[in-house]
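K.L.:
Everything below, folded, please.
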Amino acid sequence: MTTEDQPTRVMLVDDQELVRSGLRRILRRRDGFEIVAECGDGDEVPAALAEQPVDVVVMDLRMKRVDGIEATRRLRDDEEAPPVLVLTTFDSDEMLSGALRAGANGFILKDSSAEDLIRAVRTVADGDSWLDPAVTARVLTRYRDSGEATPLASEHEEVLTSREQEVLHAIGCGLSNQEIAQALFISEVTVKSHIGRVFVKLGLRDRAAAVVYAFDHGIVRPGDTERLAGS
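P.N.:
Sure thing, here's the model as predicted:
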């Protein structure tokens with residue numbers, strides 16, 4: 001969590017210097033960011049993190065020695081590790097579903113606008129998730145169709161209220177808080193309250209984890225995300 005007078009400390013992990021240079025030009029000090037570390041491959045991340053505090057890791061997926069999925073998985077083994085925002089191209093749905101399973105807190109396309117990148121980095125640094133709407137529906141559909149998701153015991157039906165189950169289903173479909181509020185005819189404040197209780201009851205760390213949970217437990221069914229995919 002960052003404060004207004006303290007910049008968001010960012011680690012960039014990408015094997016292309018050109019990409020890192022572009023990110024440095026967007027995530028500027030005057031906009032509330034400080035690039036405190038850069039890594040050219042996923043295997044460099046642990047050593048870099050040991051040297052100084054980081055609020056958020058901006059992670060590429062495709063790297064030569066240790067890719068973003070494995071690097072993210074290793075980070076999630078440490079409860080005190082910073083959250084991860086994955087950078088991706090438009091054609092990497094399969095890798096994105098793997099990144100979600102590995103514990104990434106969100107993902108954003110490399111060709112997104114500077115404004116969206118800034119919002120995404122801030123959102124993830126503050127402990128929330130960012131799922132780029134341009135690819136979310138496709139990623140979730142790929143995840144469901146891949147066979148990775150196997151319905152597990154439906155403990156959510158025992159611990160969640162019917163409204164909380166509706167909210168969890170909506171999260172799994174990739175809906176924003178505003179869209180959930182509109183779909184269920186409730187306020188965004190109420191949505192946030194329901195989401196908070198869902199996270200506590202199911203032991204979920206964030207929205208991305210809730211998406212994975214929804215698919216693992218068969219809460220989101222084939223076709224549920226088709227509306228988003230066609231939007």
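
K.L.:
Can you report phi and psi for Ile161?
P.N.:
Residue 161: Thr, not Ile. For Thr161, the backbone dihedrals are phi -70, psi 170 (criterion: degrees, to the nearest 10).

K.L.:
Relative to Ser193, how far out is it?
P.N.:
Distance of Thr161 to Ser193, given as Cβ to Cβ, to the nearest Å: 12 Å. C-beta coordinates here come from the backbone N, C-alpha and C atoms, glycine included.

K.L.:
Over stretch 42-60, what's the mean pLDDT, rounded is fine.
P.N.:
Across stretch 42-60, the average pLDDT comes to 95.

K.L.:
And stretch 66-82, by the same measure?
P.N.:
The average pLDDT within stretch 66-82 is 91.

K.L.:
same check, this time on stretch 132-152
P.N.:
Mean predicted lDDT for stretch 132-152 stands at 61.

K.L.:
Show me how the chain divides into domains.
P.N.:
The record's domain split for the chain, according to automatic domain parsing, is 8-132, 150-229.

K.L.:
Could you tell me the model confidence score at the residue of the chain positioned farthest from its centre?
P.N.:
Here the chain reaches farthest from its C-alpha mean at Glu158, the gap being 26.9 Å by Cα atoms, centre = their mean. Per-residue pLDDT puts Glu158 at 78.

K.L.:
Tell me which stretches of the chain form helices.
P.N.:
For the chain, applying DSSP state H gives helices covering 17-26, 45-51, 68-76, 93-102, 114-125, 136-145, 156-159, 162-172, 177-184, 188-202, 207-216, 226-229.
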